[in-house]
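Novice: just the structure for this:
(one chain, ligands or ions: 1)
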Amino acid sequence: MGIIFDIKRFAVHDGPGIRTTVFMKGCPLSCQWCHNPESRSADICTVLKTVRIGDKSFIEDEIVGREMTVEEVMNELRKEQIFMEESGGGVTFSGGEPLQQADFLLKMLAACKLENMHTTIDTTGFSNWKTLEKVAQKTDLFLYDLKLIDDKLHKTHAGVSNQLILENLERLLELGKKIQIRIPMIPGITLTEENINQTIDYLSGLKLPIEGVDLLPYHNTAAHKYERFGMENKLGELKSIRKSDLEETKLRFEKAGFEVKIGG
Ligand code: SF4
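Specialist: You can find the predicted model right below:
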């Protein structure tokens, strides 16, 4: 059984083509900008939800996450298989951090491969290597998050060291895996002159090529979730940025030789 908190159909920003994205619960990081704070706990949990009817509002319990078997998830994936095949799409496992439920993930990947579905993992890369190596055997593409190159800042803003993340990225490349780097662009945190320079230097210094870089503009759309769930929102005042705000940063990565998209 896996604990899933959402299944999104017709996703077009989670890898190539039209995809179905399976969101799995549990994440070992605690990014201050997390847009799915309800996904971090590995367990099924109850959060408070405000329901508005006319000018009245009511507080209701909302259950986040449900147990599903591999077959139950496969049944959901098969519904969209025709669109996946025709568009060159497939299945993306996201979270949370899907590697947190490694046994279930491995079974899901094996089931997808049996049915010729293209598999993508959207990951923080924060996992022991043995697990990641097994997962990599059945994964066609990694969407690999890079947040901050400075380890001290990474610990401050994402809650863990980035050493394992960087080591795993290099090991996956050595295995010959396809990796699309994703960088959340958070003004004043990841979107700083220093971090952009360090990230370009780091990626340029990799011995093997990555597929490309996605710059993900910060949106404060999760603010209402923090409020609803009674969680502290450290970036409460931070405003969303527009795609156009990232054109200059995009150009800098392009000048360094990377293929870059703004958004997923
Ligand atoms: S890695 Fe993703 S899910 Fe985990 S805390 Fe960071 S933003 Fe949230």
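Novice: mind listing the strands the helix or strand where Ile183 lies pairs with, and their directions?
Specialist: Using DSSP states H and E, Ile183 sits in strand 178-185. Sheet partners assigned to strand 178-185 using DSSP bridges are listed as strand 141-145 (parallel), strand 212-217 (parallel).
Novice: quick one: which of those is nearest Glu259?
Specialist: strand 212-217 (3.8 Å; CB to CB). For glycine as for every other residue, the C-beta is placed from the backbone atoms N, C-alpha and C.
Novice: and the ligand, is the strand holding Ile183 touching that?
Specialist: No. Judged by CB under 6 Å from any ligand atom, strand 178-185 stays clear of the ligand, getting no closer than 7.1 Å.
Novice: and after that strand, which helix or strand comes next?
Specialist: Note on strand 178-185: by DSSP H and E, the next helix or strand toward the C-terminus is helix 193-204.
Novice: what residues does that next one touch?
Specialist: Applying CB atoms under 8 Å, 6 or more residues apart in numbering, the external contacts of helix 193-204 come out as 146, 148-150, 153, 166, 181, 183, 189, 210, 213, 249, 252-253, 256-258.
Novice: quick check, Thr92 in a helix?
Specialist: No. Thr92 is assigned strand when assessed by DSSP: H, G, I helix; E, B strand; the rest coil, not a helix.
Novice: around the ligand, pick out the residues from the chain.
Specialist: Proximity of the chain to the ligand, by CB under 6 Å from any ligand atom, involves residues 27, 29-31, 34, 36, 39-40, 95-97, 124.
Novice: got a winner among those residues for most neighbours?
Specialist: For the residues of the chain next to the ligand, counting by other CB atoms under 10 Å, the largest number of neighbours falls to Gly96: 29 neighbours.
Novice: so who does Lys138 touch?
Specialist: 106, 109-110, 112-113, 119.
Novice: retrieve the pLDDT associated with it.
Specialist: Lys138 carries a pLDDT value of 97.
Novice: that one and Ala102, how far apart?
Specialist: Distance check for Lys138 against Ala102: by CB to CB, to the nearest Å, it reads 12 Å.
Novice: repeat for Ile63
Specialist: For Ile63, the distance to Ala102 - CB to CB - is 24 Å.
Novice: so which strand or helix has Ile3?
Specialist: If you go by DSSP H and E, Ile3 is part of strand 2-11.
Novice: pairing partners for that strand, with directions?
Specialist: For strand 2-11, pairing defined by DSSP bridges yields strand 19-24 (antiparallel), strand 66-68 (antiparallel).
Novice: contacting residues around the last one?
Specialist: The set of residues external to strand 66-68 that reach it, using CB under 8 Å, 6+ apart, is 1-5, 44.
Novice: part of a helix, is Leu99?
Specialist: Yes. Assigned with three-state DSSP, Leu99 falls within a helix.
Novice: what is the neighbour count of it?
Specialist: 24.
Novice: hang on, it packs against Thr123?
Specialist: Yes. Look at Leu99 against Thr123 with CB atoms under 8 Å: they come within range, at 5.9 Å.
Novice: residue contacts, whatever residue of the stretch 51-200 of the chain ends up closest to the ligand?
Specialist: Ranked by CB to the nearest ligand atom, the top residue of the stretch 51-200 of the chain for proximity to the ligand is Thr124, at 4.6 Å. Applying CB under 8 Å, 6+ apart to Thr124 gives the contacts 27-29, 97, 99, 145, 165.
Novice: closest one of those residues to Val12?
Specialist: Set against Val12, the nearest of these by CB to CB is Asp145 (18.9 Å).
Novice: related to what we said a few turns ago, next, format the strands paired with strand 178-185 as TSV and append distance to Glu76.
Specialist: Conversion of the strands paired with strand 178-185 to TSV gives the following (distance: least, CB to CB, whole Å):
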stretch	distance to Glu76
strand 141-145	20
strand 212-217	26
